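> After the sequence you'll find the predicted model.
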Amino acid sequence: MQDPNRCLWIETTFLTYIPLVLVICNCISDMTGENISNSSNKYSILLPTYNEVENLPIIIYLLIKHMNESGFDYEIIVIDDGSPDGTNEAAIQLQKIYGKDKIILRPREKKLGLGTAYIHGIKHATGNFVVIMDADLSHHPKFITEFIKKQQSANFDVVSGTRYIGSGGVYGWDFKRKLVSRTANFITQLLLRPGATDLTGSFRLYKKDILEKLIKSCVSKGYVFQMEMIIRARQLNYSIGEVPITFVDRVYGESKLGGSEIIQFAKSLLYLFATT
């Protein structure tokens, strides 16, 4: 037979301490929620696309997965330049799957260039930070969290992914392409002294207002645009942080880098050397 006094003591103790336990649990929950949301910042991820119908579903899935796990507020803005392979139609289906609040579609009628694609995307971005990256799976979304942590560590204006320091690297390139990339980067470092190790990469995080100013100051077209963005950032005394990334050559589709882009790179390099 149970002791009534002991039962009364257990009941009193329970009623006394359960509110305290609930308060502690709520505090832990609030702290966890704060860690999950991290801040009031929002990250707009710009995805310019042209003939990426096979890659787009995979990169969108990976972005959704890693950004949801990170807890950061985000949106993905797909800017398709009139792809004839059905990329925009695939984007419409992906929007139905993941929702219009996460997938924002801002297509254009034809291919108008990378710089104007960013300008077009920024007009529709509701985040105070902007992530730019390729849609061809060369940039893995898992690094975006590292970009954000780096930015928050010293309030950087720009955080750039780099293949040339620490654990960074390139996979899927033959020796010739690696040599061309290394040589171009070495010459650029020698002539322009940019304060960053990877100028031609296109995986970066910007404060939105800084990106808007940089784009307005740039005159280059195509792939050289990325290089000029870093040079102008240095010229305007913006702070630049770097995060090592692994760059993987595209699996589906063909590279859009050709001989004309290499010639344009050389011309732009000389122009920037003469004007900065």
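Cool, the structure landed.

> element containing the most centrally placed residue in the chain?
Nearest residue to the geometric centre of the chain (CA atoms, centre = their mean): residue 131, 3.4 Å. Element membership for residue 131, per DSSP states H and E: strand 129-132.

> Give me the mean pLDDT for that strand.
Strand 129-132 shows a mean pLDDT of 98.

> hmm, who's touching it?
If you take CB atoms under 8 Å, 6 or more residues apart in numbering as the criterion, strand 129-132 is touched by 41-46, 118, 121-122, 144, 147-148, 151, 202-208, 211. All C-beta atoms are positioned from the backbone trio N, CA, C, and that covers glycine.

> what stretches of the protein score poorly on pLDDT?
For the chain, the stretches with pLDDT under 70 are 1-39, 221-223, 250-262.

> just the helices in this structure please.
Applying DSSP state H to the chain gives helices spanning 4-37, 56-70, 87-98, 114-123, 143-154, 175-192, 208-217, 224-235, 259-275.

> Measure how far the fourth one is from the centre of its chain, please.
Pointing back at helix 114-123 there. 15 Å (CA atoms, centre = their mean, to the nearest Å).

> Please put the alpha-carbon coordinates of that helix into CSV.
Provided in CSV are the C-alpha atoms of helix 114-123 (Å, rounded to 0.1, in the frame of the first residue of the first chain):
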residue,chain,number,x,y,z
LEU,A,114,25.8,37.5,-67.6
GLY,A,115,26.0,41.0,-66.2
THR,A,116,22.6,42.0,-67.4
ALA,A,117,21.2,38.7,-66.0
TYR,A,118,22.5,39.7,-62.6
ILE,A,119,21.0,43.2,-62.9
HIS,A,120,17.7,41.6,-63.9
GLY,A,121,17.8,39.2,-61.0
ILE,A,122,18.7,41.8,-58.4
LYS,A,123,15.6,43.8,-59.4
